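>>> here's a sequence, model it:
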Amino acid sequence: SASSAPISRGGSNFARNSKVMEELKVEPFAPSPFYYHEMRAASFAVDQAKWMKGYNNSEEAMNWMIDIANEAGLQVILERDNNFDLGPHYAHAFSTLGDSSMVSTGQQGAVEALEKKALEYGVQIIYDMKAEQLIREGDRVAGVIVKNPDGSYGRINAGKGVILATGGYDANPELMEAWTRPEDYATSSWWNPGWGTTGDGHLMGIKVGAQMDPCPQPVMNFRWGNPDSFFDARTWNAIYFGLMINPEGKRFVREDLPFQGVSNAQNAQPGYGAGCFQVFDENMMEGMNDDATIQEFKDKGWLFEGATPQELGQAAGIDGENLAATIERYNGFFAGGVDEDFNRDLAVTMPFTGKRFFALTTNSCVLATVGGLTIDGNCQVLDTDDKVIGGLYAVGNASGNFFAGNYPRHIPGTSIGRAITFGYVAAEHAVKGE
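Purely as a prediction, here's the structure:
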C-alpha cells in the first residue's frame, strides 16, 4: 500500500440482506423496482449482469464484514435516518455512536478491523510501498514492480493474482480533464481525505492492455460544496430550507432532489454553475445563526447579507429585482401547497418570513470517480479484445461497467457496497484459482 496506514472515506454500505437486517426483521431489498431505477439513471448503459452479481453476492460479503466488525467491537446498524428518494434505507453503517447521524463514524474502524483480521491470518501488509508497474508475461500478470520506502525498486511475484483496489482518479487533475465531462470538474471542489486516488491502477492496467470504460466517465458529485470542500453541518438547515439561485436571481432546480441531481442542475447553468447561491433568511438557518458563525463565513467571502432581496443581490452579485420576484412567487406557492415551478415538496420546508436575507456561495463537490477498467463477473480485467488478462483483477472505483453518466443516489451505499462485495468476489476467485 502506498499509504502509511489503513485509510477509509465515506460511509453507507449496501447489501440486499444481512444478519443485521434479519435481526431487525427488515425484509430483503428487492431487486425491482429499485435496481431498475438505478440502471435507468444510467440509460441502461451498464453491465446488468454485474449489477445482479453484486446484488446476489452482497449478503454473503456483508455478513463476513459484519462478523469482522463485531469482533473488533464495532456496532453494525442500518442508516434508517439517511434519506434517499427511493425505498427503505438499507445501507449498513459501522457505528461508534450507536446511530447513523454521521454515517462515516465507524468506517475507519471497519478498515482497521480488516487489517487486524488479515494480520491474524498471517497476511503481510507493507505500507509506504507504491505499485509502479504491472508485469505481464504472456497472457497473465505475474507480478508488480514496486517502489520501496527507501526509494529503491523491487518486484513482487503474484502467486494467485494482482487485485487493483487503487480507487479512482479524482485527485489527478490531468485525468479528470481527459476522462470526465468538463462540467463535472470545472467549478467543483473536492472531498478527498487521503488524496491518494490518482488513477494509478487505471494507468497500470492500460499499460498491460486492459480495456476501460468509454469516456467521458462518470463521477460521484454532490451538492453542499464550498470553494474548499464540503460545507459542515452548521449549514445544513440553511441549505435544506433555502432556494438555489443563479446570478440572474432565478431558481433553476427542485431543491430537494438527490444530491447529484442538484449538483448536475447547477453544473448545467451558464459558466458551469459559477456564481450560484443558496438563499435563505434568518428563520431557516438554525445551526449557523449565531454572530460568530455568520462572521466566519462572511470573512471567508462565502456569505452575504442584505435587509431586502435587492440589497442581498447587490452584495452578492445577484440580480436583486429578479431575486425579490423569485422569493415572492415562491412564498405564494405555500397557500395552495404546490410549487408550480419545480414541484418541490412544500410540506417539509418553509416560506421566507424573516427580515434578514442571506446568500451562501455554493458549488458541486466531487467525491470520487466511478469509471474504471472493464471486468467480468469474477472481477477479472478484460483486454481490448474482451479476453481475460489472467491474474489481474480490479475492484471498487478502479473497476468499471457499473455506472454511466453519473453516480445515481437512488439506492443508498452502492459505491462502497460494490467495493465490499466485489472485493470479496475477486479474492475468492483468485484464491480458488481459475
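
>>> quick one: the lengthiest helix in the chain to chain centroid distance?
For the chain, the helix with the greatest residue count under DSSP state H is helix 48-71. Relative to the centre of its chain, helix 48-71 is centred 19 Å away, using Cα atoms, centre = their mean, to the nearest Å.

>>> after that helix comes which helix or strand?
Per DSSP states H and E, the first helix or strand lying C-terminal to helix 48-71 is strand 75-78.

>>> so where is the stretch 251-400 of the chain shaky, pLDDT-wise?
The model of the stretch 251-400 of the chain has no residue with pLDDT under 70.

>>> determine the set of other helices and strands touching the longest helix of the chain.
strand 13-14, helix 19-23, helix 34-40, strand 75-78, strand 91-95, helix 107-120, helix 414-432 (3 or more Cβ pairs under 8 Å, 6 or more residues apart in numbering; DSSP states H and E). Yep, even glycine has a C-beta here, placed from its N, CA and C like the rest.

>>> what angle do helix 414-432 and it make with each other?
Interaxial angle, helix 48-71 versus helix 414-432 (axes from the mean of the first three to the mean of the last three Cα atoms, to 10 degrees): 90 degrees.

>>> about what we covered before: of all the helices and strands packed on helix 48-71, which one is nearest S188?
S188 lies closest to helix 414-432 among the helices and strands packed on helix 48-71, at 17.4 Å (Cβ to Cβ).

>>> pull out the buried positions in the closest one.
Buried residues in helix 414-432, defined by neighbour count with 16 or more other Cβ atoms under 10 Å: 414-427, 429-430.

>>> now do stretch 228-242
F230, F231, R234, T235, N237, A238, I239, Y240, F241, G242.

>>> next: stretch 187-207.
Using 16+ other Cβ under 10 Å as the burial criterion, the residues of stretch 187-207 that qualify are 187-192, 196-205.

>>> for stretch 205-224, same thing?
The neighbour-count check on stretch 205-224 (16+ other Cβ under 10 Å) flags 205, 208-213, 216-224 as buried.

>>> and which of those residues is nearest H410?
Checking the buried residues of stretch 205-224 against H410 by Cβ to Cβ gives M220 as the nearest, at 13.2 Å.

>>> confirm for me that that closest one is in contact with C365.
No. At 9.5 Å, M220 does not count as touching C365 under the criterion of Cβ atoms under 8 Å.

>>> about what we covered before: what's the angle between the longest helix of the chain and helix 107-120?
Using the same axes, to 10 degrees: helix 48-71 against helix 107-120 is 80 degrees.

>>> show the average pLDDT along helix 48-71.
Helix 48-71 shows a mean pLDDT of 94 in the predicted model.

>>> now that helix against strand 91-95, angle please.
20 degrees.

>>> list of residues touching helix 48-71?
Helix 48-71 is contacted from outside by 13-20, 28, 31, 35, 38-39, 76, 92, 94, 106, 109-110, 113-114, 117, 375, 377, 401-402, 417-418, 420-425, using Cβ atoms under 8 Å, 6 or more residues apart in numbering.

>>> report the buried members of these.
Buried among the contacts of helix 48-71 (16+ other Cβ under 10 Å): 13-18, 20, 35, 38-39, 76, 92, 94, 106, 109-110, 113-114, 117, 375, 377, 401-402, 417-418, 420-425.

>>> how about the longest helix of the chain: buried residues?
Judged by neighbour count (16+ other Cβ under 10 Å), helix 48-71 contains these buried residues: 50-51, 53-55, 57-63, 65-66, 68-69.

>>> closest one of the buried residues of helix 414-432 to V162?
Of all these, A430 has the smallest distance to V162: 8.7 Å, by Cβ to Cβ.

>>> which residues does the closest one contact?
Shown in contact with A430 (Cβ under 8 Å, 6+ apart): K160, G161, I163, Y393.
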